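Undergrad: My questions concern the predicted model and sequence given below.
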Protein chains: 2
Amino acid sequence: MKFLCKKNILQEGISIVQKAVTGKSTLPVLSGILIKTDKNKLILTGSDMDLSIETKVEADIVEEGTIVLDAKLFGEIIRKLPNDTIEINTLENNSIEIICQKSRFTLIYMNPEEFPTPPIINENMIFSISEKKLKTMIKGTIFATAQDETRPILTGVLFQIKEDNLNFVALDGYRLALRKDPVDNNNTINAVIPGKTLNEVSKILEDVDKMVNITFTPNHILFSVGETKIISRLLEGEFISYNSIIPEEYKLKVDINRIEFLNSIERASLMAKDGNTNLVKFTVSDDKMVITSNSQLGMVREEVNINMQGEDLQIAFNSKYLLDALKSMEEEEITLEFFSSVSPCIIKNRENDNCIYLVLPVRLLNNN
Amino acid sequence: MKFLCKKNILQEGISIVQKAVTGKSTLPVLSGILIKTDKNKLILTGSDMDLSIETKVEADIVEEGTIVLDAKLFGEIIRKLPNDTIEINTLENNSIEIICQKSRFTLIYMNPEEFPTPPIINENMIFSISEKKLKTMIKGTIFATAQDETRPILTGVLFQIKEDNLNFVALDGYRLALRKDPVDNNNTINAVIPGKTLNEVSKILEDVDKMVNITFTPNHILFSVGETKIISRLLEGEFISYNSIIPEEYKLKVDINRIEFLNSIERASLMAKDGNTNLVKFTVSDDKMVITSNSQLGMVREEVNINMQGEDLQIAFNSKYLLDALKSMEEEEITLEFFSSVSPCIIKNRENDNCIYLVLPVRLLNNN
């Protein structure tokens, strides 16, 4: 095997596929990157079994071959080499040589035959979405996935195509995040994508209108982004039927400025850190939202002007859950809907019907 | 006590004095900031006994007084308030009220009488240096202070005025860093300043020509930077007589480009991380410096063109010590001086005689 490749091109390819190399696998070869020549390109692959990322980079292939190199060490070497052409060729004894200007490295490579083959997916593209939009939908829901593994299905995000809408849904028992986008697609899809996969996908996506092609198989999802393919196992099992959780009725509707609301909750939270409860109380009446919190540290009272329709209300929340939702929204003016002090709060953008956030209240023992 | 203060002015003052609040003190009041009215100003003070930082900020004082507020909580509250005028006034029960627009905090304050009084230093300024120059001298030596406390004096930097030179010297048994600057001052000063103090001082200093005034007492040093005063205990004891450590003779002198040398050592170090030895070998001959390292991970060979005068040499170093020195230097062309493979290496700027770095070699068991 022998090839020449520009340093910055190789570095970028490594940084993409490295996202799938967790270093947590028990299989030593998975700490490496599979490098394979393919006509005038190199195919780089990183994998942790559940997730594989593959990308192609341009190279001048002198002699074909396949090797596996330690991802971290190889990545650091390439990053620190001068910005020039890098030559890589195999030597005897399972070793390779990396040459750039006056630098010469010799590394042992791992056996490429031990590297697990990612599932072969027939790329009959069935869905496509812009990088920008996919990134927004991921960032708008992923924070609400469950962090513990007691119900594995909740560590994923539901990808659903239904009635001309693409829905992303995540929920963890305390809150729910739903993002939707109208699509022109007659398929019905229900797939639960691991949160970890979407986290890595969102790092690769840029804020551009270029399209991502998505293919599903019963057990896998394939994202094609330019020269990069991301293949992930899907989570097994049925997702919660989330529609029944979202209430349709409300007794109080509040129009509020998102940034003012967010800043007030952030300040109130400073007093709510005591005992790690994040407990913040909200009193709605007279077109005002009064936000209070008190602990051993002291007390805080915040006031935000609102427009309200309906009954006065006192309710309490874990402020973290409200902040997560408010930070992931984009419109300046938002709407809150309440039913009672023990029913969930619904948060929506005022203008576009593109998201629903639901947060369960904290039940207070008394009226304090 | 009652005063009004602009949010950004108060925030900046807090962030300066907070640098002295370590939160590690056993005295609870030292987790706080002392706030004292003084005519049309507030004096803010943070302290950890060894180090006190005091600064003045403009305020509209309505009623005089003194309080101590938890540094972290108070700092976070002020930082998150809107950019407007903040009103602070004392209430009953040792509490204060912080009001800004529609935000209102109530906090318990601590007893200001428990706050230790910093030593009173008669500011008969005996030395002055620009912020920029002082910052360079600190950054150019502080990395070579000892990190463990077995010889406490080595955790500090020697501040020495001697024969029309200001010298900063740090050493830890493996390397030495010396920065010097010609001064017009007839005093003789030998003071050892704790590394921790200089670290905080360098964060407050900016790259400007404004002067810092420095006053010494037998046990303390006072830095006056604009409205900020930093008072630190000095370390007790005699510093090592460093002059006897710096060799004056050499058998090999090498002229080398600092950046090329630094980059080559950084790459070679990638192979030297195995076993955490950072062991890198240098071979000097034929106007070339060959840098090699090998470990279980593989091998590396780097070559840098040099100008040499003297004997060929093979020598090995802990690369970290060389890199620390090379990164803190500023000139592009530097000079290395060697005596033998078991004697220290001296590193200097080629043009300006403003620093000396010394690094001890690692003795190799055999010639590999």
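TA: Structure received. Numbering: from 1, shown residues only, chains lettered A, B, ... in the order given.

Undergrad: contacts and neighbour counts: CA atoms only from here.
TA: Noted.

Undergrad: State whether residue A:234 and residue A:192 are indeed in contact, as I suppose.
TA: Yes: assessed by Cα atoms under 8 Å, residue A:234 is found in contact with residue A:192 at 5.8 Å.

Undergrad: Could you check which of these two has the larger neighbour count?
TA: Neighbours per residue, other Cα atoms under 10 Å in any protein chain shown: of residue A:234 and residue A:192, the larger number sits with residue A:192, 27 against 22.

Undergrad: If we ignore the residues flanking it in sequence, what's nearest the more buried one?
TA: What sits nearest to residue A:192 in space, not counting adjacent residues and going by Cα to Cα, 6 or more residues apart in numbering or on different chains, is residue A:158, at 4.4 Å.

Undergrad: Quickly find the element holding that neighbour.
TA: Secondary structure assigned from DSSP states H and E places residue A:158 in strand A:156-162.

Undergrad: What's the first helix or strand after the lengthiest helix in chain A?
TA: Within chain A, and with DSSP state H defining each element, the longest helix by residue count is helix A:258-270. Secondary structure here is assigned by DSSP H and E; on that basis, the next helix or strand after helix A:258-270 toward the C-terminus is strand A:279-285.

Undergrad: is the next helix or strand after that next one anywhere near chain B?
TA: Once the chain leaves strand A:279-285, the next helix or strand it forms, by DSSP H and E, is strand A:288-295. No: no part of strand A:288-295 sits near chain B under the criterion Cα under 8 Å from any Cα of the partner chain; the closest distance found is 9.1 Å.

Undergrad: For strand A:288-295, buried residues please.
TA: A:288-294 (16 or more other Cα atoms under 10 Å in any protein chain shown).

Undergrad: Just the C-alphas of the strand holding residue A:158, formatted as PDB.
TA: As requested, C-alpha coordinates have been extracted for strand A:156-162 and formatted as PDB (Å, rounded to 0.1, in the frame of the first residue of the first chain):
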ATOM      1  CA  GLY A 156     -33.300   7.600  21.500                       C
ATOM      2  CA  VAL A 157     -35.200  10.100  19.400                       C
ATOM      3  CA  LEU A 158     -38.300   8.900  17.500                       C
ATOM      4  CA  PHE A 159     -38.000   9.700  13.800                       C
ATOM      5  CA  GLN A 160     -41.600   9.600  12.500                       C
ATOM      6  CA  ILE A 161     -43.100  10.300   9.100                       C
ATOM      7  CA  LYS A 162     -46.800  10.600   9.500                       C
END
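
Undergrad: who are the neighbours of the helix or strand just after that strand, in terms of helices and strands?
TA: In the C-terminal direction, the helix or strand that comes right after strand A:156-162 (DSSP H and E) is strand A:165-171. Contact analysis of strand A:165-171 by 3 or more Cα pairs under 8 Å, 6 or more residues apart in numbering or on different chains; DSSP states H and E lists strand A:156-162, strand A:175-182 as its packing neighbours.

Undergrad: so where does the residue of chain A most remote from its centre fall, helix or strand?
TA: Taking Cα atoms, centre = their mean, the residue of chain A most remote from its mean C-alpha position is residue A:92, at 42.8 Å. Using DSSP H and E, residue A:92 falls within no helix or strand.

Undergrad: mind checking how far it is from chain B?
TA: Plainly put, residue A:92 is 13 Å away from chain B if you go by Cα to the nearest Cα, to the nearest Å.

Undergrad: do the same with residue A:151
TA: For residue A:151, the distance to chain B - Cα to the nearest Cα - is 37 Å.

Undergrad: Dihedrals phi and psi, that residue?
TA: The phi and psi values for residue A:151, taken as degrees, to the nearest 10, are phi -120, psi 90.

Undergrad: before we move on, what about residue A:193?
TA: Dihedral angles for residue A:193 - degrees, to the nearest 10 - are phi -100, psi 130.

Undergrad: Please verify my assumption that it contacts residue A:235.
TA: Yes: using Cα under 8 Å, residue A:193 is in contact with residue A:235, at 6.1 Å.

Undergrad: joint contacts of these two?
TA: Both residue A:193 and residue A:235 are in contact with residue A:156, where contact means Cα atoms under 8 Å, 6 or more residues apart in numbering or on different chains.

Undergrad: Show me what the strand holding residue A:158 is packed against.
TA: Helices and strands in packing contact with strand A:156-162 are listed as strand A:165-171, strand A:189-194, helix A:195-204; criterion 3+ Cα pairs under 8 Å, 6+ apart.
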